[in-house]
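Chemist: quick one: sequence plus predicted model below, questions after.
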Amino acid sequence: MLVIGEVHTGLLQNSGEISESTCRQVLGLMAGESVRVSRRPIVHALSPERLTGVDCALPAASRSRIRGVGTVVSRCAVTGGRVAQGSSYVRVVRSETDRRLPWSHYLSRPGVVEVLGKAKAADLAEGFTGDPAPGCLDLGAVSGRFLDLVQASPLLDRRAPFKIPRTSLRWVAETGEPSIRFTLHTEQERTLRLTHPGPFTPAVVDLCEDLATHDWLLTSLLVIVERARIGATPGAQAVARLAPAIDHLMHLWMPAARVEEWLTPFWESLERRPGFTRQWRSLVDRVRDQVAMNTLALLSATAEAGRR
Amino acid sequence: MLVFAISDKGGTGRSVTGTNIVYRHALQGNDVCYLDFDFGSPTAGAIFSVSAVARGTPENGLHEYLRGECPQPRRVDVWAESDREGLRTRPPGAGRLVLLPGSEGGGELSALTDEIVGRCVQLFGRLEEEFDLCMIDVSAGRSFTAELVLAATVRMPAVPFRWLVFHRWTRQHIIAADGLVAGADGLLDVGSRFGHDREDLRDRIRFVRTAVLEPDAAELVGLRDEQRAWLSACDSELRELAGRHGVGRTAMLGKIPLDPVLQWREQLITDEDVLASKIANAETAAAFDELAKKIVDDSAWEGL
Ligand SMILES: Nc1ncnc2c1ncn2[C@@H]1O[C@H](COP(=O)(O)OP(=O)(O)OP(=O)(O)O)[C@@H](O)[C@H]1O
Ligand SMILES: [Mg+2]
């Protein structure tokens, strides 16, 4: 029918970025299974997947009661030793029967939630990306807890270089004529509607996580630039406030690095509109210009002092 | 940084002072939030002039969150939702100012369970990621709420936290404030029972004197010489008493003068109240401003 997921992204609570080996330890939430790490073009570490059993109402725009039973897949990721994520998703399918089956049935189909009774995909998609009624399947709560697990790791010193909110990306993926729609809601909430050709594969989840990472980077850089109050405060002060972005964020922009070939057109479409990289570049240029101007001012002040 | 606000007695000025401190801290450019953990009477909304949550929120209050009845507690953006004209726009350079109201008609916590402590840890951990300062109004006296936050902070050893103990400048209040910290079943006792290091915890506690009338204050100009001499003698007696009870100058983070506006109404003192309408004293605003700085100034928190 459709796949729904939610990604929560935040700044890893550590003073500096963590090494690949620390990433492995932080994400090794389950003994016995290993963390997957890719190194190029940026270190990306992905925890083993975990299942959460659910038997609850699914969010529907019509507010009709739709019962779903099955398991949610969740995992955590750390990108560039700096950005942490908790991510969950389920494939929603129609059940063969109208009654609940023994758990062994659901456990043999990890990441699948079966709908007991009638349900329309469009109703669920609207409900999930709209304003889900309280008490429904809450993937955000699950993802938030997985992100908490990472952030509470004793290997982190919790002295993050700046305070910044987490963002959440709620996504719905369906099979059909290709299209993508990314929407900003409140300052921290985003939704993504994706229609892809061919059947769902976990590569779609990678795409959503990659988008969430970059949306968080962009959102956070915007916040830091706003806090710097360029033009309203003395240059040196503004530059000092921009420093955390230079030290910790600006090198992390690697759009579509982990996205499978057949899904890259979706990223490209978002690059055209709203234009993630365009906005990122202009912000980065702004930060660099501030630093350059401040350096020039300092240099000329020093030269002036030398002449006197 | 988590800052817990407590007092032994009710009506001490804990909420008014705490809210004014976070307000000043926001004006100083920091992102701040205020958590109304005074579950018995959650009135922080009234002080921020957010009438919709003046006596707590009907839905998704902190009490419900801790009991597991809602996934996340409601957040109120004071800059957007306050009814007070002077608060409704975020001044240039100011940080976020967010209130997490208590539940309307919530009632005190009646027991402490592992689930409640777990939810509290989750809440503090997440807020600490995004706010420079989180002030938690722990209510008055020995309570489950105080135990809850002591238990929660043990579980998050890397998260910085401090305590402010509010008291008035009277004999009874000085003795009571000391008792709340160092007395039987006080913060240090309960804290060490939960696993805090007693000395480390003591170093994280400072006192704040509220509604202080200095013997040389302008309000006292009309007094007779005999009255002034008597007040002066009382004041030095209290200072001596405070010193003996470990509530003296070294353990004091600051004091807030008695203010006519606050005597009549629980509210934030804005610069407009001081400069334009001139109803509040400049000293009061300055005292809040200074406390808002000292709260994060490590030199004010070196070991005693
Ligand atoms: N500096 C001050 N000058 C004059 N009055 C003050 C001052 N600070 C607080 N007050 C007044 O004292 C009263 C009690 O203050 P507040 O409500 O903040 O106390 P509290 O300790 O939070 O009480 P409770 O335990 O009931 O929550 C209020 O009427 C308040 O306006
Ligand atoms: Mg109060």
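Modeler: Thanks, I have the structure now. Ligands and ions are numbered 1, 2, ... in the order given.

Chemist: what about the one residue in the stretch 151-300 of chain B that gets nearest to chain A, how many neighbours?
Modeler: Nearest residue of the stretch 151-300 of chain B to chain A (C-beta to the nearest C-beta) works out as B:Ala158 at 3.7 Å. For glycine as for every other residue, the C-beta is placed from the backbone atoms N, C-alpha and C. If you count neighbours by other C-beta atoms under 10 Å in any protein chain shown, B:Ala158 ends up with 15.

Chemist: tell me who's in contact with it.
Modeler: A:Pro154, A:Leu156, A:Asp157, A:Arg158, A:Arg159 (C-beta atoms under 8 Å, 6 or more residues apart in numbering or on different chains).

Chemist: from A:Ala212, how far out is the spatially closest residue to A:Thr183 that is not a sequence neighbour?
Modeler: Nearest residue to A:Thr183, sequence neighbours excluded (C-beta to C-beta, 6 or more residues apart in numbering or on different chains): A:Thr191, at 4.9 Å. Noted for A:Thr191: a distance of 11 Å to A:Ala212, by C-beta to C-beta, to the nearest Å.

Chemist: got any residues that touch both of those two?
Modeler: The contact lists of A:Thr191 and A:Ala212 share A:Leu169, where a contact means C-beta under 8 Å, 6+ apart.

Chemist: compare the two (neighbour count), which wins?
Modeler: A:Ala212 (27 against 18).

Chemist: who's in contact with the more buried one?
Modeler: A:Ala212 touches A:Val7, A:Thr9, A:Gln85, A:Ser87, A:Thr167, A:Leu169, A:Arg190, counting by C-beta under 8 Å, 6+ apart.

Chemist: distance check, the last one against A:Pro274.
Modeler: If I follow you right, that is A:Arg190. 11 Å.

Chemist: show me which of the two is the more surrounded one.
Modeler: Taking other C-beta under 10 Å, A:Arg190 and A:Pro274 do not tie; A:Arg190 has more neighbours (22 against 12).

Chemist: SS state for the more buried one?
Modeler: strand (DSSP: H, G, I helix; E, B strand; the rest coil).

Chemist: and if you look at A:Arg288?
Modeler: When the rule is three-state DSSP, A:Arg288 gets the label helix.

Chemist: for chain B, what is the nearest residue in chain A?
Modeler: A:Arg158 (3.7 Å).

Chemist: assumed that residue was part of a helix.
Modeler: No. According to three-state DSSP, A:Arg158 belongs to no helix; its state is coil.

Chemist: list residues touching both of A:Arg190 and A:Pro274?
Modeler: A:Phe182.

Chemist: what helix or strand is the residue positioned nearest the centre of chain A located in?
Modeler: Centroid-nearest residue in chain A: A:Ala212, 3.1 Å away (criterion: C-alpha atoms, centre = their mean). Element membership of A:Ala212 [criterion: DSSP states H and E] is helix A:203-228.

Chemist: who's in contact with the closest residue to ligand 1 within the stretch 201-308 of chain A?
Modeler: Nearest residue of the stretch 201-308 of chain A to ligand 1: A:Arg227, at 30.7 Å (C-beta to the nearest ligand atom). By C-beta under 8 Å, 6+ apart, the contact set of A:Arg227 is A:Arg241, B:Gly29, B:Gly95.

Chemist: for the nearest residue in space to B:Glu128 that is not next to it in sequence, list the residues it contacts.
Modeler: Nearest residue to B:Glu128 in three dimensions, chain neighbours excluded: B:Val159, at 5.5 Å (C-beta to C-beta, 6+ apart). Listed by C-beta under 8 Å, 6+ apart, the contact set of B:Val159 reads A:Arg158, B:Leu2, B:Phe124, B:Gly125, B:Glu128, B:Thr153.

Chemist: right, and the fifth one touches B:Val121 too?
Modeler: If I follow you right, that is B:Glu128. No. Look at B:Glu128 against B:Val121 with C-beta atoms under 8 Å: they stay out of range, at 10.6 Å.
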